[in-house]
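**Student:** I'd like to go over a predicted model; first the sequence, then the structure.
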Amino acid sequence: MKHCNKNAGDEKNFFLKKSLPAIFILLILCIGIGLRLHNLSINTHRSPDEIIYTAQAKTIAKHGISGFKILAKEYKREKKLWFFPPPTRVGYLFLLSSAMKISNHFDVSVGSKISTISSILSLLILILIGLRFFNAWTTLFALVFLSTSPIALNLARRTWQDALVGCLGALLIYLSCEIISNPRKKIWYVLLIILGGIGILIKATLVLFFGLCVLWILWNFIVYKKRYKESILLVCLSGISVALFTGLMIYAIGGMSNLITIWSHVKNAMPHNLFAIKYQNGPWYLMFFALSSLSAFAFYLLFFAIPILLFFDNKKHRSSILHKQKSTRILLGLLFITTTLTLIAGITPYCLNIRYISPIFVPYFLIVGTIFYRLIQMLLKNLPIKQGFFFFLLICLLAIIAFQGYYNFNNYFIKTSIHKTPNAFLIQNFYHPRNRG
């Protein structure tokens with residue numbers, strides 16, 4: 001009888017630890033995909049940047065590679081274009097123009113479909129990282145946040161490259177985790193270096209994000225593994241990759257002089273850009289407040305991260321994901337990258353926009369998911385409550401979080417039909433209190 005009871009208990013624990021979160025991961029993934037596909041049909045208002053990207057891609061589709069030189073000359077000549085995205089993001093424009101030619105559609109919706117696919121891939125990469133380096137419950141919590149994040153849902157339906165940048169950023173995180181976990185497997189280095197170089201063709205944020213990933217890997221190699229030769233090789237090859245793809249960009253737009261001129265126009269126009277002055281400028285800490293627009297619950301939960309990491313490491317909890325040495329380094333690495341990129345965006349003039357840090361969305365929610373998982377463990381251990389009822393309450397809480405996320409998305413971006421990211425609301429509420437309401 002005792003043996004039967006033990007087997008029943010083992011089966012129940014297996015269900016709670018493996019089967020139950022796996023079922024909900026699949027369910028939340030389907031919901032996240034469904035929401036992104038549904039939102040494509042309700043996109044009515046387009047931002048100026050979306051119109052510019054579409055027009056640039058149509059030129060590339062019509063003239064081929066020489067279209068980049070045409071766009072560069074036009075950008076240099078037309079002063080009114082200096083307030084909009086330059087044609088130096090040749091990777092994104094090439095992808096967008098190729099999608100136009102393949103689909104035989106040349107309107108703004110093509111870019112939205114690329115963003116939707118990129119956002120769905122981000123969900124899948126989050127699941128891959130979570131199950132590979134954390135655990136099923138952490139993955140589930142992170143997936144709930146990302147699947148129904150108001151900002152992620154908005155980026156997924158726009159002809160901006162930020163959803164694509166977020167997807168590639170998540171992929172860089174995955175490759176970095178694999179290198180740290182298994183530094184002898186060369187394929188991860190090759191993929192990381194190539195993808196990092198390609199980033200310069202998509203958006204400058206990706207190159208900065210790639211650099212942070214390399215710094216994270218170097219720290220692990222030098223401090224923990226004493227792999228000095230691999231560290232030097234990684235730095236050299238990363239620099240060569242970025243240089244080669246930068247050269248490709250320069251060739252596409254017609255030379256270094258064009259690149260310097262275009263960037264100088266962008267820099268000189270920014271202080272006169274009324275939108276950037278009003279909505280993308282202010283004290284650096286507003287960038288951290290902007291994280292609350294990703295998920296209010298996740299934002300406030302993150303404040304528990306430091307106390308847990310500092311005070312919860314004891315012998316009674318050695319089985320925790322936080323106390324496996326490799327997983328600890330990965331978690332702290334994600335925290336370093338997320339905090340650093342957010343801080344850089346905050347202190348850089350006219351960069352106070354949550355879109356500009358889309359590469360941190362996946363690592364940010366994995367951090368929050370880990371903290372949430374530890375809090376659930378603490379509560380489950382210390383509260384006098386039955387396990388089944390506790391998990392019922394947990395599922396109800398996740399449902400509320402998901403509903404709140406989609407409600408905020410619908411309220412901000414559907415009912416009001418705005419195309420701005422919520423930094424506008426944050427600046428009005430925190431920096432200019434008189435503008436509230």
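**Tutor:** Looks like it arrived, so ask away.
**Student:** Lys73: neighbour count?
**Tutor:** Lys73: 14 surrounding residues under other Cβ atoms under 10 Å. In this view, the C-beta of every residue, glycine as well, is placed from N, C-alpha and C.
**Student:** cool, the one 10 residues further on as well?
**Tutor:** Counted with other Cβ under 10 Å, residues neighbouring Phe83 total 18.
**Student:** doesn't Ile277 make contact with it?
**Tutor:** No. Using Cβ atoms under 8 Å, Phe83 makes no contact with Ile277, being 11.2 Å away.
**Student:** what ranges do the helices span in the stretch 251-400 of the chain?
**Tutor:** 256-269, 274-279, 286-289, 296-301, 305-311, 325-347, 361-382, 387-409 (DSSP state H, counting those that start in this stretch).
**Student:** what's the most buried one of those?
**Tutor:** Of all the helices of the stretch 251-400 of the chain, helix 361-382 carries the top mean neighbour count, a mean of 22, counting by mean count of other Cβ atoms under 10 Å.
**Student:** quick one: list the elements packing against that helix.
**Tutor:** helix 109-133, helix 136-147, helix 162-181, helix 296-301, helix 305-311, helix 325-347, helix 387-409 (3 or more Cβ pairs under 8 Å, 6 or more residues apart in numbering; DSSP states H and E).
**Student:** contacts for the fourth one?
**Tutor:** Helix 296-301 is touched from outside by Phe145, Leu291, Ser292, Tyr364, Phe365, Val368, Ile371, Phe372, Leu375, Ile401, Gln404, Asn408, with contacts defined as Cβ atoms under 8 Å, 6 or more residues apart in numbering.
**Student:** contacts only, for the first one.
**Tutor:** Think Phe145. Leu294, Ser295, Phe297, Ala298, Phe365, Val368, Gly369, Ile401, Gly405.
**Student:** tell me how far the first one lies from Ile260.
**Tutor:** The one in question is Leu294. Leu294 sits 36 Å away from Ile260, going by Cβ to Cβ, to the nearest Å.
**Student:** hmm, back to that, select, out of the helices and strands packed on helix 361-382, the one closest to Leu40.
**Tutor:** Nearest of the helices and strands packed on helix 361-382 to Leu40, taken as Cβ to Cβ: helix 109-133 at 5.9 Å.
**Student:** am I right that Lys69 is in contact with Ile253?
**Tutor:** Yes. The pair Lys69 and Ile253 qualifies as a contact (Cβ under 8 Å) at a distance of 6.4 Å.
**Student:** tell me which of those two has more neighbours.
**Tutor:** Neighbours were counted for Lys69 and for Ile253 using other Cβ under 10 Å; Ile253 has more, 23 against 17.
**Student:** any idea how far Gly111 is from the closest residue to that one other than its chain neighbours?
**Tutor:** Residue nearest to Ile253 in three dimensions, not counting chain neighbours: Ala72, with 4.3 Å by Cβ to Cβ, 6 or more residues apart in numbering. Distance, Ala72 to Gly111, using Cβ to Cβ: 20 Å.
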